[in-house]
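J.: My questions concern the predicted model and sequence given below.
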Amino acid sequence: MSDDEKEASADAPSVNSTAASLLGFLHDGPCTGWDLAAMAEQVIGPFWSLTRSQIYRELTAMSASGLVCPGPAGRRRSRPYTLTEAGRRAFTRWVAEGPGEATMRLPLLLFVVLGKYVPPGQLASVLRRQREHQVQLLAGYRDLHGSLPAECPDPRLLAVLDYGISVTRTTIRWIDRLPPELVAPTDTTGCPPTSGQPT
C-alpha cells in the first residue's frame, strides 16, 4: 500500500469484518442484497456465518454512511448497491488494519466442556451427529476441490478450501480419539454407538 493510500484510508470510517466482506464483493460491480447473500453463502459460508438480515442491516448502515450507494428498486423491491469511493477507502483501511485476533466460538467445544451437566447418552449422540456432519462437510470440500481446474484461477480460494479440508479432517480425528466414556454410552434406545468410517 502506498503512502497516499495509507493517508486516504486513515480518514475513512472503520468497518467490521461483515461490512468489509460486503464491500469486498461490491468491488466486482453493483449487487443486490440477494446477490450478496448468495455470494456470501458460496464463497465465505463455510467459515463466516452471515445471514440475510445481517446483510440488509449492514447495507442500510453503509448506505447511511455513504460507503455504498443504493440504486432504484427493481423487481420484488430488490435494490442494487454500488461501492462508493468512501466505501473503497473504508475497505482499504480494513485491509491495512489486518484481520485482528481470531474470535473462537465453537459450539461443539462448549458443549463438550459442559458435558458433565449433559446426560452421557445425549453427549455421545451429539458427538456422533457432529462426526457425521464433519464427514459430509469434508466430502463437499473434496468434491469442490476436484471440480476446480488444474490451475485454479484464484489461488486464494484454493488456499481457503485446503484450510477447510484440514480442519474437518482434524475435527473427525479429534472425535475419534475422545475418551470412551464420552462416546461409548448407549443411546436412548440402549444400542451402542456405531463407529464411523475412517477418513
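T.: Yep, it's here.
J.: ok, and what's touching the helix or strand hosting Ile165?
T.: Using DSSP states H and E, Ile165 falls within helix 155-176. Helix 155-176 is contacted from outside by 43, 46-47, 108, 127, 130-131, 134-135, 137-138, 141-142, 144-145, 148, 152, 183, 196, 198-199, using C-beta atoms under 8 Å, 6 or more residues apart in numbering. Quick note: C-beta positions are derived from backbone N, CA and C, even for glycine.
J.: Show me which of those residues are buried.
T.: Neighbour counting with 16 or more other C-beta atoms under 10 Å marks 43, 46, 127, 130-131, 134-135, 137-138, 141, 183 as buried within the contacts of helix 155-176.
J.: For Trp94, state which of these is nearest.
T.: Distance to Trp94, by C-beta to C-beta, is smallest for Val43 among those, at 17.0 Å.
J.: Strands of the chain, start to end?
T.: Along the chain, counting by DSSP state E, strands occupy 68-70, 81-83.
J.: can you tell me which helix in this structure is longest?
T.: Across the chain, the longest stretch assigned as helix under DSSP state H is helix 120-147.
J.: For it, name the packing helices and strands.
T.: In this structure, helix 120-147 packs against helix 107-113, helix 155-176, helix 180-183, with contacts taken as 3 or more C-beta pairs under 8 Å, 6 or more residues apart in numbering; DSSP states H and E.
J.: Buried ones in the longest one, by neighbour count?
T.: Of the residues in helix 155-176, those scored as buried under the neighbour-count criterion (16+ other C-beta under 10 Å) are 161, 164-165, 167-168, 171-172, 175.
J.: buried set for stretch 99-113?
T.: Under the neighbour-count criterion of 16+ other C-beta under 10 Å, stretch 99-113 has Val112 buried.
J.: before we move on, the earlier item: taking helix 120-147 as reference, get the angle to the helix holding Ile165.
T.: Taking axes from the mean of the first three to the mean of the last three C-alpha atoms, to 10 degrees, one finds helix 155-176 and helix 120-147 inclined to each other by 150 degrees.
J.: Centre-most residue in this structure?
T.: Geometric centre of the chain, nearest residue: Trp48, 1.7 Å, by C-alpha atoms, centre = their mean.
J.: excluding its backbone neighbours, what's nearest it?
T.: For Trp48, ignoring the flanking residues on the chain, the nearest one in space by C-beta to C-beta, 6 or more residues apart in numbering is Ser21 at 6.7 Å.
J.: who are the neighbours in contact with the one you found?
T.: The contact partners of Ser21, by C-beta under 8 Å, 6+ apart, come to 40, 44, 48, 50.
J.: Relative to Cys69, which of these is nearest.
T.: Ala40 (20.0 Å).
J.: List the contacts of that closest one.
T.: Contact analysis of Ala40 by C-beta under 8 Å, 6+ apart lists 21-22, 25, 48, 50, 55.
J.: now the protein, which segments are flagged as low pLDDT?
T.: The model of the chain has pLDDT under 70 over residues 1-10, 152, 185-199.
J.: again, only using 50
T.: The chain contains residues with pLDDT under 50 at 187-195, 198.
J.: What number of residues are in the vicinity of Leu22?
T.: For Leu22, the neighbour count with other C-beta atoms under 10 Å is 27.
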